[in-house]
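Q: how would this look folded up:
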Amino acid sequence: MKKILLLALVIAAFGALSAKALADVGYLGILLPHFQTSGGLQVLVDLVIALTLVMVWMVADARRSGRNPWPWVLLTLVAGSFGPLGYLLTGALRERRTQAGGLAPGVR
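A: Numbers count the residues shown, from 1 in each chain. So this is what the prediction gives:
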């Protein structure tokens, strides 16, 4: 339950920050400054590398657990960290439901 609450809190807080940034500068206003300096570009490339590694992990984990990773991979490509956060949250909810007797492990 703590894991679920923590993930929900992170999604809500990051969602609020993202909504404010979108309202203030728009999608391009978030992205374009990363191309103006080598420091900004380094941060962007680091994020791309990290999220690529996370997407590889999500696909492998989803195969092991019988889940469909593709909505989460697509969300990651479009909205960054919201994809992995959603994947982790739905996995935690699924695990909780399984422990409560709702589903057998590996069943969708």
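Q: quick one: buried residues of the longest helix belonging to the chain?
A: Scanning the chain for the longest helix, with DSSP state H as the assignment, gives helix 2-31. Buried positions in helix 2-31, judged by neighbour count with 16 or more other CB atoms under 10 Å: Leu7, Ile11. Bear in mind the C-beta positions are built from the backbone N, C-alpha and C, glycine included.
Q: Relative to the whole chain's centre, how far out is that helix?
A: Here helix 2-31 is found 11 Å from its chain centre; the criterion is CA atoms, centre = their mean, to the nearest Å.
Q: helices or strands up against the helix or strand harbouring Arg94?
A: Remark: Arg94 resides in helix 82-99, with elements defined by DSSP states H and E. Here helix 82-99 touches helix 2-31, helix 38-65, helix 70-79, going by 3 or more CB pairs under 8 Å, 6 or more residues apart in numbering; DSSP states H and E.
Q: Reformat these as a markdown table; add mean pLDDT and distance to Ala100.
A: Shown next, in a markdown table, are the helices and strands packed on helix 82-99 (pLDDT from 0 to 100; distance: least, CB to CB, whole Å):
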| stretch | mean pLDDT | distance to Ala100 |
| --- | --- | --- |
| helix 2-31 | 96 | 13 |
| helix 38-65 | 97 | 17 |
| helix 70-79 | 97 | 23 |
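Q: In TSV: those, plus distance to Leu88.
A: Formatted as TSV, those follow (distance: least, CB to CB, whole Å):
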stretch	distance to Leu88
helix 2-31	6
helix 38-65	9
helix 70-79	9
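Q: Out of the ones you listed, which gets nearest to Leu85?
A: For these, the distance to Leu85 is smallest for helix 2-31, at 5.1 Å, taking CB to CB.
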